[in-house]
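Asker: Provide a 3D model corresponding to the input given below.
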Amino acid sequence: MGRIVRKNFDAPDEVRKVEGGMGHIELVNVEDGAVGRATFRPGWRWSEHVRPIAGTESCQVAHVGYQISGRMGVRLDDGEEMEFGPGDFVSIPAGHDGWVIGDETVVMIDWQGMAGYAKK
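Answerer: Just a heads-up that it's a prediction; the model follows:
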């Protein structure tokens, strides 16, 4: 039988920074894997601020999460594009670019794609 676990993003197990101080990922590790709280500042774009870390042309991590604040655009490698905002559940397949829209910081909780995200 499992045990009750409590973790808090204000005391994460790990913090990963993205290039140029444009954001960070706070990770809490649980038995089923890492859960991340991603924070991206206005002007952040995956292809500019994470690609140098990932070394791929587009983000090759699938994401399943919940957006808390801000607006984010996502474009798949095949050209499909969508915008997300506060309260949206998101499921984004591998092979995409993402960026902050407007002047509000994006905060998102991600249950699937954080174990290797922005890891050097």
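
Asker: for the chain, what spans make up the strands?
Answerer: For the chain, the strands defined by DSSP state E cover 14-17, 23-30, 33-40, 63-69, 71-76, 81-84, 89-92, 96-101, 106-110.

Asker: just so I know, which of those lies nearest residue 57?
Answerer: For residue 57, the closest of the strands of the chain is strand 96-101, at 9.1 Å, according to C-beta to C-beta. Every C-beta, even on glycine, is put in place using the N, C-alpha and C of the backbone.

Asker: what residues sit buried inside that closest one?
Answerer: Buried residues in strand 96-101, defined by neighbour count with 16 or more other C-beta atoms under 10 Å: 96-100.

Asker: avg pLDDT for that strand?
Answerer: Mean pLDDT, strand 96-101: 98.

Asker: kindly calculate the angle that that strand makes with strand 33-40.
Answerer: Going by axes from the mean of the first three to the mean of the last three C-alpha atoms, to 10 degrees, strand 96-101 is angled at 40 degrees with respect to strand 33-40.

Asker: what does strand 96-101 rub up against?
Answerer: With contact meaning C-beta atoms under 8 Å, 6 or more residues apart in numbering, strand 96-101 is reached by 40-47, 58-59, 70-77, 83, 92, 106.

Asker: now stretch 12-20
Answerer: By C-beta under 8 Å, 6+ apart, the residues outside stretch 12-20 that reach it are 7, 23-29, 37, 40, 44, 48-50, 52-53, 117-120.

Asker: buried among the residues you listed? Need that as a selection in ChimeraX.
Answerer: ChimeraX command restricting the contacts of stretch 12-20 to the buried ones, with burial defined by 16+ other C-beta under 10 Å:
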select :23,24,25,26,27,28,37,40,44,49,50,117,118
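
Asker: got the contact list for the residue nearest the centre of the chain?
Answerer: Closest residue to the average C-alpha location of the chain: residue 38 at 4.6 Å, with C-alpha atoms, centre = their mean. Residues in contact with residue 38 (C-beta under 8 Å, 6+ apart) are 23-25, 65, 106-110, 114, 117.

Asker: please tell me how far the nearest residue in space to residue 29 that is not next to it in sequence sits from residue 52.
Answerer: Nearest non-adjacent residue to residue 29, counting by C-beta to C-beta, 6 or more residues apart in numbering: residue 13, 4.8 Å away. Separation of residue 13 from residue 52 (C-beta to C-beta, to the nearest Å): 24 Å.

Asker: that'll do, ta.
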